[in-house]
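Engineer: Generate a structure from the sequence data that follows.
(2 chains)
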Amino acid sequence: MIEVRHLSKKYGTVTAVDDISFRVAHGEILGFLGPNGAGKTTTMRILTGYIPPTEGEVIVAGFNVFDNPIEAKRRTGYLPETPPLYPEMTVREFLTFVAQINNIARADRRRRVITAMERTWVTDMADRHCATLSKGYRQRVGLAQAILHNPEVLILDEPTAGLDPKQIIETRELIKELAGDHTIILSTHILPEVSQTCQRVVIISRGHVVAENTPENLTALGQDVTTVRLRFDTQDMTAPATLASIPGVLRVTTIEQSNSVTTLDVETEHDHDLRRDLARTIVANGWGLLELRSMQISLEDVFLHLTTEEQDEGSTILDESSPPEQLNHKNDAAELDNE
Amino acid sequence: MNNILAIAQKELRSYFASPIGYVVIGMFAFLFGYFYYTILSLFVQQSMQVSQFDFRGPTALNINQHVIRPMLNNSMLFTLFVLPMVTMRTYSEEKRSGTMELLLTSPLSDIQIVMGKFLGAMGLYVMMLAVTLLDIGLLFIYGNPEWPQVLVGYLGLLLLGGCFISVGLLISSTTKNQVVSGIVTFTVFLILWVITWLGDNASPLTQMILSYLSITEHFEDFSRGVLDTKHVVYYLSFTVFGLFLTLKSVDRERWKG
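Structural biologist: Alright, predicted model coming up:
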């Protein structure tokens, strides 16, 4: 549905986006993740035809964004970083204007505007001037504007920025709901958002794609060991040593050991679940088990790892199923960065 | 075409949502009214004096020549002052507030956007001129001026306004700052008006070229009520060229990012 091939954008001597390629399948939600200044907004602006790329091409819904901009734009809904509202218009007037410039037939306009307002919960603000709206409402009117003409492709630049927690949840639900018949790219630097809404994640850093995978795989691949946090009460000072002797345990780190409560981190090999053995040992020794939980490496860790450390790691956690040319390309990118 | 009209309508609405639309129409009407009153008073006074010396009655002086023509020439000056206020925000404001991003990512061509903005500004200008027709209308009630001169004169004002607006759009498309846009536009208009002064000591050829370039020289015939295709072609091609450059400027801004 969306195909980005070898996209680069240079502003003078500054390279904002450097040879990015990825695809988004029909009905998929792709998360575009990266620190501030990584090139997320630039990439999205190129995808929507707002700015032309220095190199590369973008195909949206079967149309090249630069050879056939009108057709591609007709099929794209875009929420920019700052919602593009006309302060002097009311929400209803604004959405009607957007309907007009998207060539929605006069008879259809009213209905579409009402539907869009209902879906983004701005109906109660319909006759307020955009200038007087709060940040959260502006964001949602921006979203209403993007979905108004029912586009096949939705490109959302930080759709939940400035919303309160309840609105964030509602917006995520809306995005998931839209995913069925829309293809969505959303950018964010909020990690939980990605794991909750997106089926696939592209992590970019300094203009390069450093990883592309599902949130689950990214989290799983980032960890080599599984850590289990244990809390139990015992007077036995040799408890850590006892647990370390269980086959499969790599390391035991004592977090806290007072006269009654012992807190330990037990590291085991990845995919080797020792929680049953640990519990059995504790109970057999007569210690009172207070807590046992598996410590997940979060997407945050992966993200930080990928975007701060050497970019070489990027190639090791690639999606196995991605086409070979894409693999090569990413290795190239990683090498370039090391130079 | 629908897209152009949608943008023109949006532009007009935004003029009247802010005080700009009212201020501009009000200012234009006030300036016109003030000059109209003084010129007409003078005319009446002179007619009285003339009629005391020869006995051909108060119509001895030509109202077209002594009221309407100076009023048309003055209107040309008023547009010079007022139109920068109309065009200064057209692109600058959209660039500053980010709504340009909406327009440029909507299924609109650049030409449609430029034409929409041009028609919107022209619409406001037509309203400004329409208000002044009330003053001119009074002359028809109490006197008997020739209407073709009025018609040709107003056509000239429309064409002239088109040129100014196209230049204003061009300048507005190059900056995010409305104030800069307004000041530069005003300066350029002023230069276009006085460009012939450069030719005072120059060769006849340079003088000819300069007077051809001067937007205001071409208005002379219109204010006399003479409709000459030469001037119509000049104004129209000037406007088209201005809009063409605006189009290029918008495209260039896009490449700059």
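Engineer: what about the residue of chain A found nearest chain B, which SS state?
Structural biologist: Residue nearest to chain B within chain A: residue A:88 (3.2 Å; C-beta to the nearest C-beta). Placement of C-beta: from N, CA and C, glycine included. Three-state assignment for residue A:88 (DSSP: H, G, I helix; E, B strand; the rest coil): coil.
Engineer: I'd like to know how far the nearest residue to it once chain neighbours are set aside sits from residue B:196.
Structural biologist: With sequence-adjacent residues excluded and distances taken as C-beta to C-beta, 6 or more residues apart in numbering or on different chains, residue A:88 is closest to residue B:17, at 3.2 Å. Using C-beta to C-beta, to the nearest Å, we find residue B:17 at a distance of 39 Å from residue B:196.
Engineer: State the pLDDT value of the residue of chain A closest to chain B.
Structural biologist: pLDDT recorded at residue A:88 is 88.
Engineer: tell me, what residue is most central in chain B?
Structural biologist: Central residue of chain B (C-alpha atoms, centre = their mean): residue B:161, 2.6 Å from the mean position.
Engineer: So that residue belongs to a strand, correct?
Structural biologist: No. Per three-state DSSP, residue B:161 lies outside any strand segment and is helix.
Engineer: Distance of it relative to chain A?
Structural biologist: Here the criterion is C-beta to the nearest C-beta, to the nearest Å. By it, residue B:161 lies 24 Å from chain A.
Engineer: surely that residue meets residue B:83?
Structural biologist: Yes. Under the criterion of C-beta atoms under 8 Å, residue B:161 makes contact with residue B:83 at 6.5 Å.
Engineer: what touches both of these two?
Structural biologist: Between them, residue B:161 and residue B:83 share these contacting residues under C-beta atoms under 8 Å, 6 or more residues apart in numbering or on different chains: residue B:125.
Engineer: for the residue nearest to residue A:88, phi and psi?
Structural biologist: With angles defined as degrees, to the nearest 10, residue B:17 sits at phi -80, psi -30.
Engineer: again with residue A:51
Structural biologist: phi -130, psi 150.
Engineer: Let me see the contact set for it.
Structural biologist: If you count contacts by C-beta under 8 Å, 6+ apart, residue A:51 has them with A:9, A:42, A:45, B:254-255, B:257.
Engineer: Least confident of these?
Structural biologist: residue B:257 (59).
Engineer: List only buried entries from the contacts of residue A:51.
Structural biologist: Taking 16 or more other C-beta atoms under 10 Å in any protein chain shown as the criterion, what is buried in the contacts of residue A:51 is A:9, A:42, A:45, B:254, B:257.
Engineer: ok, now how distant is the second one from residue B:100?
Structural biologist: The one in question is residue A:42. 16 Å.
Engineer: Alongside chain B, which residues does chain A contribute?
Structural biologist: Within chain A, the residues that sit near chain B (C-beta under 8 Å from any C-beta of the partner chain) are A:9, A:11, A:42, A:45, A:48-52, A:70-71, A:73-74, A:76, A:78, A:80, A:82-89, A:93, A:97-98, A:100-103, A:145.
Engineer: Mark which of these are buried, thanks.
Structural biologist: Among the residues of chain A next to chain B, those buried by neighbour count (16+ other C-beta under 10 Å) are A:9, A:42, A:45, A:48-52, A:71, A:73-74, A:76, A:78, A:80, A:82-89, A:93, A:97-98, A:100-102, A:145.
Engineer: quick one on the thing from earlier: of the residues of chain A next to chain B, which belong to strands?
Structural biologist: Counting by DSSP state E, those place A:9, A:11, A:76, A:78 in strands.
Engineer: which one is the first one nearest to, not counting chain neighbours?
Structural biologist: I take that to be residue A:9. residue A:17 (4.3 Å).
Engineer: what's near enough to touch that neighbour?
Structural biologist: Counting by C-beta under 8 Å, 6+ apart, residue A:17 touches A:7-9, A:39, A:42-43, A:46, A:53, A:207.
Engineer: likewise residue A:264?
Structural biologist: Residues counted as contacts of residue A:264 (C-beta under 8 Å, 6+ apart) are A:229-231, A:239-240, A:243, A:252-255.
Engineer: who wins for most neighbours among those residues?
Structural biologist: Highest neighbour count within the contacts of residue A:264, by other C-beta atoms under 10 Å in any protein chain shown: residue A:230, with 24 neighbours.
Engineer: In three-state terms, label that residue for me.
Structural biologist: When classified by three-state DSSP, residue A:230 comes out as strand.
Engineer: And for residue B:27, the neighbour number?
Structural biologist: Residue B:27 is flanked by 15 other residues according to other C-beta under 10 Å.
Engineer: Name the SS class of it, please.
Structural biologist: Secondary structure for residue B:27, judged by three-state DSSP, is helix.
Engineer: shaky segments in the chain?
Structural biologist: No chain was given, so I picked chain A. For chain A, applying pLDDT under 70 flags the ranges A:220-225, A:270-271, A:296-301, A:307-339.
Engineer: Hmm, no, I was thinking of chain B.
Structural biologist: B:54-60, B:257.
Engineer: At the contact with chain A, which residues of it appear?
Structural biologist: So chain B meets chain A at B:2-3, B:6-7, B:10, B:13-14, B:17-18, B:97-109, B:254-257 (C-beta under 8 Å from any C-beta).
Engineer: if I look at residue B:32, how far off is chain A?
Structural biologist: 27 Å.
Engineer: Which strand or helix spans that residue?
Structural biologist: Assigned by DSSP states H and E, residue B:32 belongs to helix B:20-53.
Engineer: Kindly report the same for residue B:249.
Structural biologist: helix B:229-256.
Engineer: what do you get for residue A:291?
Structural biologist: In this structure, residue A:291 sits in strand A:288-295 according to DSSP H and E.
Engineer: Then residue A:262?
Structural biologist: For residue A:262, the host element (DSSP H and E) is strand A:261-269.
Engineer: Taking strand A:288-295 as reference, get the angle to that strand.
Structural biologist: Put simply, strand A:261-269 runs at 40 degrees to strand A:288-295, going by axes from the mean of the first three to the mean of the last three C-alpha atoms, to 10 degrees.
Engineer: In strand A:261-269, which residues are buried?
Structural biologist: The neighbour-count criterion (16+ other C-beta under 10 Å) identifies A:262-264, A:266-268 as the buried residues of strand A:261-269.
Engineer: swap in stretch B:72-83?
Structural biologist: B:72-76, B:78-80, B:82-83.
Engineer: just to revisit the earlier point, could you pull up the residues touching the residue nearest to the centre of chain B?
Structural biologist: B:79, B:83, B:122, B:125, B:129.
Engineer: Just the ones of the residues you listed in strands?
Structural biologist: Per DSSP E, strands hold no members of those.
Engineer: got CSV for the residues you listed, with distance to residue A:131 too?
Structural biologist: Formatted as CSV, the contacts of residue B:161 follow (distance: C-beta to C-beta, whole Å):
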residue, distance to residue A:131
B:79, 30
B:83, 26
B:122, 26
B:125, 26
B:129, 31
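Engineer: can you give me the helices in the stretch 101-250 of chain A?
Structural biologist: Ranges of helices within the stretch 101-250 of chain A are A:106-119, A:135-147, A:165-179, A:191-197, A:215-221, A:239-244, based on DSSP state H, counting those that start in this stretch.
Engineer: Check the ones you listed for me and report the most buried one.
Structural biologist: Of all the helices of the stretch 101-250 of chain A, helix A:135-147 carries the top mean neighbour count, a mean of 24, counting by mean count of other C-beta atoms under 10 Å in any protein chain shown.
Engineer: Could you tell me the angle between that one and helix A:165-179?
Structural biologist: Orientation check (the same axes, to 10 degrees): helix A:135-147 against helix A:165-179 gives 10 degrees.
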